[in-house]
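K.L.:
Need a 3D model of the sequence below.
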Amino acid sequence: MSFTRQQLRARGFAGLRIVGDVHGDMAGFDAACAGAEAAGLFIVQLGDLTDHGPDSPSVLRRMFTLLDTGAGLFLLGNHDHKLRRALMGASLRMNAEGLGETLSQIAAAPDAVALKARAVAEIARAPAWLRAGPSLFVHGGYHDAMLHQPAPEDAGARKPDAIVSRALFGEVTGRIRADGFPERLHNWVERIPAGLTVYCGHERRSTDGRPYVQHGAAGGTAVFLDTGAGKGGHLSWVDLAF
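P.N.:
Numbering: from 1, shown residues only. So this is what the prediction gives:
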């Protein structure tokens, strides 16, 4: 799925609401969606809808409603990609409080069969990145190639190539930190060209509960919107007027 500002403006939207990682925080996501509807904003959710929070099934249902009504979309996140693989029966190493909890919640849902089928289908076609004018939206991290080619239409249904891996995981060294998370680099921020702002999630860089903003050497900007929803923090979003 893709869009242009002109297309959304023609449909009556006044702008975009860019929503960070939800991770099963239905209360926060519900507030974000209700506010967006009241303000006439189209929702672009940056991926990682599920895991860790108390109600991943309701988050998925709300997202699917946005898709059905044309009021929003979600990008492919690493947690979404892994969820689809699990729902397809792949044998995966998983965090009991993350993906394990999500699978348990879905299994206990009254609409479990339909919910699994819809999640498998929608994650398969979720865009790994989107460009809209001076903004680029991606879950994990920017790569120059994202400015010159659209995201693969089946990124969510296959093993990630190098560019999709950057979109899902950011820039990693292959080493694991003492806290158990991958060691991440942010060299890609320095390469964002002047006039472009990259909105991403994936990594909780904020120290004050607000989205973290970093300006790069080439003149571009990165805005990190993961502020810990579903993991003891809260959900953040940024509104962009047309």
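K.L.:
Find the nearest non-adjacent residue to Asp144, please.
P.N.:
Nearest non-adjacent residue to Asp144, counting by CB to CB, 6 or more residues apart in numbering: Arg191, 6.3 Å away. Any C-beta I mention is one placed from the backbone N, CA and C, and that applies to glycine too.
K.L.:
and that neighbour, what is it in contact with?
P.N.:
By CB atoms under 8 Å, 6 or more residues apart in numbering, the contact list for Arg191 reads 142, 144, 216, 218, 220.
K.L.:
Of those, which is the most crowded?
P.N.:
Neighbour tally across the contacts of Arg191 (other CB atoms under 10 Å): the maximum, 26 neighbours, falls on Tyr142.
K.L.:
What residues sit buried inside stretch 64-84?
P.N.:
In terms of neighbour count (16 or more other CB atoms under 10 Å), stretch 64-84 has its buried residues at 64, 66, 71-84.
K.L.:
Please save the CA atoms from that stretch in CSV.
P.N.:
What follows is stretch 64-84, C-alpha atoms only, in CSV (Å, rounded to 0.1, in the frame of the first residue of the first chain):
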residue,chain,number,x,y,z
PHE,A,64,-7.4,-4.0,10.4
THR,A,65,-10.4,-1.6,10.8
LEU,A,66,-8.1,1.3,9.8
LEU,A,67,-7.1,-0.7,6.7
ASP,A,68,-10.7,-1.6,5.9
THR,A,69,-11.9,2.0,6.2
GLY,A,70,-8.9,3.5,4.4
ALA,A,71,-8.0,5.5,7.5
GLY,A,72,-4.5,4.2,8.1
LEU,A,73,-1.8,1.6,7.5
PHE,A,74,1.1,0.0,9.3
LEU,A,75,4.7,-0.5,8.3
LEU,A,76,6.5,-3.8,8.6
GLY,A,77,8.3,-4.1,11.8
ASN,A,78,10.6,-6.9,13.0
HIS,A,79,8.1,-8.1,15.6
ASP,A,80,5.3,-8.2,12.9
HIS,A,81,7.6,-10.2,10.6
LYS,A,82,8.4,-12.7,13.3
LEU,A,83,4.7,-12.9,14.4
ARG,A,84,3.7,-14.0,10.8
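K.L.:
roughly how far is it from the heart of the chain?
P.N.:
Centroid separation between stretch 64-84 and its chain, computed with CA atoms, centre = their mean, to the nearest Å, is 8 Å.
K.L.:
can you check stretch 97-105 too?
P.N.:
Relative to its chain's centre, stretch 97-105 lies at 18 Å (CA atoms, centre = their mean).
K.L.:
Flag every buried residue along that stretch.
P.N.:
Of all the residues in stretch 97-105, those buried under the rule 16+ other CB under 10 Å are 98-99, 101-103, 105.
K.L.:
from those residues, which ones fall inside helices?
P.N.:
The helices, defined by DSSP state H, take in 99, 101-103, 105 from those.
K.L.:
May I have stretch 197-204 as CSV, with CA atoms only?
P.N.:
In CSV, the C-alpha atoms belonging to stretch 197-204 read as follows (Å, rounded to 0.1, in the frame of the first residue of the first chain):
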residue,chain,number,x,y,z
THR,A,197,13.0,13.7,7.8
VAL,A,198,13.0,10.0,8.6
TYR,A,199,10.4,8.9,11.1
CYS,A,200,11.2,5.5,12.7
GLY,A,201,10.6,3.3,15.8
HIS,A,202,12.3,0.1,16.8
GLU,A,203,14.7,1.6,19.3
ARG,A,204,13.8,3.4,22.5
